[in-house]
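# Here is my input, please return the structure:
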Amino acid sequence: MSLHPRRRPGAGFHILAVAWLSAVWVALWGDLSVANVLAGLLIAVVAVRALPMPTIDFHGRVRVLGLLRLVVHFVRDLVVASLQVAWLALNGRRPRSAVIRVRLRSHSDLYLTLTAQLCSLIPGSVVVEAHRHDGVLYVHLLDVADRDLAVAHADVLGIEERVLRALGSDEELAAAGLEVRR
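Numbers count the residues shown, from 1 in each chain. This is a model prediction of the structure:
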């Protein structure tokens, strides 16, 4: 028997979503007033009810060292790519762009989304399309003149591996063909 018989699964998530959307509404208007907060709450409730988000199952576990590696690599990639894009802008050389297709090893929507977001946050690359059922990302690269496309492909798979090692279960790592480290 449930401790909260009237409570639906995920009700807490909706409350957090409504609170977050309301806070964003107030921040965008830049005015903390009762009317603005109430309008934000009303709009947030309508948005959460009218546009329900699908649930994403998380069967993994947070691994602190893996998460630390993910963050350190991401910050390093962010700094290096920012410097490369800045140099490209200052250099005046016309960039040669490309779109690469990367089939991810994991079949989880969560890991696909996290990998796509991390790729898109790195300057000079953006995910232009993601095929959920195939686990494929199409990544646009800003400048490929000095960059081997196979290296760029491996970079995306490296991001996915770090995401999996930070958040994946042993079973998910094995299913993705990655060695389970103890």
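
# and the gap between residue 136 and residue 127?
10 Å (C-beta to C-beta, to the nearest Å). For the C-beta atoms, the positions are set from N, CA and C on the backbone; glycine is no exception.

# More neighbours: which of the two?
With neighbours defined as other C-beta atoms under 10 Å, residue 136 and residue 127 compare such that residue 127 has more, 19 against 14.

# what is the mean pLDDT for the helix or strand hosting that one?
For residue 127, the host element (DSSP states H and E) is strand 125-131. Averaging pLDDT along strand 125-131 gives 95.

# Residues in contact with it: which ones?
If you take C-beta atoms under 8 Å, 6 or more residues apart in numbering as the criterion, strand 125-131 is touched by 81, 99, 112-113, 116, 119-120, 136-142, 152.

# which of the residues you listed lies closest to residue 168?
Using C-beta to C-beta, residue 112 comes nearest to residue 168 of those, at 12.4 Å.

# Quick one: list the elements packing against the helix or strand hosting that closest one.
Residue 112 belongs to helix 109-121 when assigned by DSSP H and E. Judged by 3 or more C-beta pairs under 8 Å, 6 or more residues apart in numbering; DSSP states H and E, helix 109-121 is in contact with helix 64-91, strand 125-131, strand 136-141, helix 149-167.

# Is it possible to get CSV of these that adds distance to residue 19?
Shown next, in CSV, are the helices and strands packed on helix 109-121 (distance: least, C-beta to C-beta, whole Å):
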stretch, distance to residue 19
helix 64-91, 25
strand 125-131, 28
strand 136-141, 32
helix 149-167, 24
